[in-house]
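> pasted the sequence and its predicted model underneath.
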Amino acid sequence: MTPGAPGAPALELARSVRAGSVSAGEVVERHLGAIDAVDGELHAFVTVLHESARGEAAAVDRRVAAGEDPGPLAGVPVAIKDNMCTRGLPTTCSSRILGGWRPPYDATAVQRLRAAGAVVIGKTNLDEFAMGSSTENSAFGPTHNPHDPTRVPGGSSGGSAAAVAAGLAPLALGSDTGGSIRQPAALCGVVGMKPTYGTVSRYGLVAFASSLDQIGPITATVAESAVLFDVIGGHDPMDSTCLERPAPRTVSALDDGVEGLRVGLVAELVDGADEAVGARVRQAAEVLAAGGARVDEISIPELGHGLPAYYVLAPAEASSNLSRYDGVRYGLRVEAETAEAMNAATRAAGFGPEVKRRIMLGTYALSAGYYDAYYRQAQKVRTIIIDALGAAYQRFDVLLGATTPTTAFALGAKVDDPWAMYLSDVCTVPSNLAGHPAISIPFGTDGSGLPVGVQVLAPSLGEAVMFQVAVVVEHGAPVIAPPRIRAA
Amino acid sequence: MAGDHLTREDAAYVARLARIDLSDDELGLYAQQLATVIGHAAELAALDTEGVEPTAHPLPLRNVTRADEPRPSLDRAEVLAQAPAVEDGRFRVPPILGEAP
């Protein structure tokens, strides 16, 4: 492979750019070319940032030429889920209600990537406001799975996962409220990681459910995931829920192995999955046992309450957060005689069906007479799940399970049945409710050649041990054939 | 409005609270779909949560304050440039209390 070509590992690209053997400009040009060639079919991107990416690459090349340190990700193209603010550049959340909006500031995660020398190459497609598990809820049309374009890439960070799987960007950012990084990563055969709540600033991440949302990396490999997490993590005074301590350093833990670590294979995260998926998880457990880990089964029945609790709490927070789209300060306005009529007409025209459904659901759960029965009860169940996971981590260093109950499903298969779609998140929501980190690692395929994801869960701030285990799983994983749609 | 028998009128009430104009077709569809999801949420009611504290947030939150020092904020012109309607450096909206100014 020639230097700078799409498909090359991020760190190799950065090394070449830092050494001056290839320019950031050339790296970016080749990736833009690959996007222009295949994204018509894939639709991973909402906006491809040809002009600003060239400008950012030129700035990196000037630093290299001047003998300055261009940063650890010098010249590496990165794709950003389009619910993270990029100053002066469109940020749509794949919603009509933000049509034409250009944020007046950058998300902290975006600032940190640029400070590390990365180049923002485009904004990726998502389920509108990150509400969905297939990227079919985008106002701009679905993204296709690079392994089988008749199937969904998962969601809501489906554009970021598809872009990385197809080699259009070596690194991407997603956001994960109930599995929106890990689930699409699993379905597209890439690595997706949700950090501990509070380790990555949410400043500039358009809010969906503020007590659950976290930004995290989507990458081809576990090592790249660790590098990206180390770049974007850490305290930020602009986010009052960001932990006032350094984020765990993970890159240094990658070579530590799993000798003596205690791994809990969670029955509830295996038994509910399709047979082919469950078999892969058990195979991953064998890989860890062969590496010297002590693997035991554990049952955590409380996890079964996670999905119904999540689908009360997340819509409740969303109904509050999305009240800001009122046609007053930015985005769409549909004119009417009174302010209230203008608000209601604007929201009717600007939101798609799933966003309306979740706002309705959350408004109902918070309304007088139902607050205690639904919202408060779900908050108590959240405590029960946190306590159950806490007890499990008395016995185990990490937990292991499937990321998703199935591999990629057909486009359109679940759009008319919300609960069937919500079931895609059953293995991922517990980590969000608890604020814990979790990572999905590609581990072979099912009988149809579709990627399977294995999930490693860790307790709060347990990123180092989580990555330590993830890299061993990755090294023992069966190879997945390159996707059908990919950069030439 | 019991969870598993959500009527079109219930849906219309919630839509009004949420400030979304919904068509009759949408109200019918959402009444049905919300009932399904609420039905699953109702399963939680069977759990014994006596004495369990609710969790609103994964972190023990407390007020976060910073030093009271002046610093640049967003540029007013840049912010107002994003608004659908502006007058005299402010956001312009239709009448709120029902009377024209």
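Looks like it came in fine.
> going forward, measure contacts between C-alpha atoms and count neighbours the same way
Noted.
> surely A:T338 touches B:P94?
Yes: look at A:T338 against B:P94 with Cα atoms under 8 Å: they come within range, at 5.1 Å.
> the more surrounded of those two?
Legend: neighbour count by other Cα atoms under 10 Å in any protein chain shown for A:T338 and B:P94, higher for B:P94 (20 against 16).
> who's in contact with that one?
By Cα atoms under 8 Å, 6 or more residues apart in numbering or on different chains, the contact list for B:P94 reads A:336-339, A:342.
> 10 Å - rerun?
Applying Cα atoms under 10 Å, 6 or more residues apart in numbering or on different chains to B:P94 gives the contacts A:328, A:335-343, B:85, B:100-101.
> any chance of these in TSV, plus distance to A:G476 and secondary structure?
Output for the contacts of B:P94, formatted as TSV (distance: Cα to Cα, whole Å; DSSP: H, G, I helix; E, B strand; the rest coil):
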residue	distance to A:G476	secondary structure
A:V328	54	coil
A:E335	59	coil
A:A336	61	coil
A:E337	64	coil
A:T338	63	coil
A:A339	60	helix
A:E340	58	helix
A:A341	59	helix
A:M342	57	helix
A:N343	54	helix
B:A85	58	coil
B:A100	70	coil
B:P101	71	coil
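> can you put these in JSON lines and add distance to A:L361?
Converted to JSON lines, the contacts of B:P94 look like this (distance: Cα to Cα, whole Å):
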{"residue": "A:V328", "distance to A:L361": "24"}
{"residue": "A:E335", "distance to A:L361": "26"}
{"residue": "A:A336", "distance to A:L361": "26"}
{"residue": "A:E337", "distance to A:L361": "28"}
{"residue": "A:T338", "distance to A:L361": "26"}
{"residue": "A:A339", "distance to A:L361": "24"}
{"residue": "A:E340", "distance to A:L361": "21"}
{"residue": "A:A341", "distance to A:L361": "21"}
{"residue": "A:M342", "distance to A:L361": "22"}
{"residue": "A:N343", "distance to A:L361": "19"}
{"residue": "B:A85", "distance to A:L361": "31"}
{"residue": "B:A100", "distance to A:L361": "34"}
{"residue": "B:P101", "distance to A:L361": "36"}
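> for stretch A:47-65, buried residues please.
Buried positions in stretch A:47-65, judged by neighbour count with 16 or more other Cα atoms under 10 Å in any protein chain shown: A:47-50, A:53-54, A:56-61, A:63-64.
> likewise for stretch A:439-458?
So for stretch A:439-458, counting by 16+ other Cα under 10 Å, buried means A:439-446, A:450-458.
> neighbour-wise, give me the winner out of the contacts of B:P94.
Comparing those by number of neighbours (other Cα under 10 Å), A:N343 comes first, having 26 neighbours.
> quick one: the strands in the chain?
All of this is about chain A. Under the criterion DSSP state E, chain A carries strands at the ranges A:45-48, A:77-81, A:119-124, A:171-176, A:191-194, A:214-219, A:262-266, A:294-298, A:398-402, A:438-445, A:451-457.
> chain B, not that one
For chain B, strands defined by DSSP E occupy the ranges B:86-87, B:90-91.
> what packs against the last one?
Contacts of strand B:90-91 with other secondary structure elements, assessed using 3 or more Cα pairs under 10 Å, 6 or more residues apart in numbering or on different chains; DSSP states H and E, are made with helix B:76-80.
> now tell me what touches the helix it packs on from outside.
For helix B:76-80, the external contacting residues (Cα under 10 Å, 6+ apart) are A:88, A:102-105, A:329-330, B:86-87, B:89-91.
> just checking, A:H31 touches A:L13?
No: with contact defined as Cα atoms under 10 Å, A:H31 and A:L13 do not form a contacting pair (11.7 Å).
> anything in contact with each of these two?
A:4-7, A:76-77, A:170.
> closest to chain B among those residues?
The nearest member of those to chain B, counting by Cα to the nearest Cα, is A:P77 at 27.9 Å.
> I'd like to know how many residues surround the closest one.
By the criterion of other Cα under 10 Å, A:P77 has 31 neighbours.
> wait, what's in contact with the residue nearest to it when sequence neighbours are not counted?
Using Cα to Cα, 6 or more residues apart in numbering or on different chains and skipping the chain neighbours, the partner closest in space to A:P77 is A:V119 (4.7 Å). For A:V119, the contacting residues are A:24-25, A:27-28, A:49, A:52-60, A:73-79, A:110, A:113, by Cα under 10 Å, 6+ apart.
> ok, 7 Å please
A:53, A:56-57, A:75-78 (Cα atoms under 7 Å, 6 or more residues apart in numbering or on different chains).
> okay, these in TSV with pLDDT next?
Formatted as TSV, these follow (pLDDT from 0 to 100):
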residue	pLDDT
A:A53	98
A:E56	98
A:A57	98
A:G75	98
A:V76	98
A:P77	98
A:V78	98
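> show me these that map onto helices.
Members of these lying in helices (criterion: DSSP state H): A:53, A:56-57.
> does stretch A:341-361 reach chain B?
Yes: applying Cα under 7 Å from any Cα of the partner chain, one finds stretch A:341-361 in contact with chain B at A:343-345, A:347-348, A:357, A:359-361.
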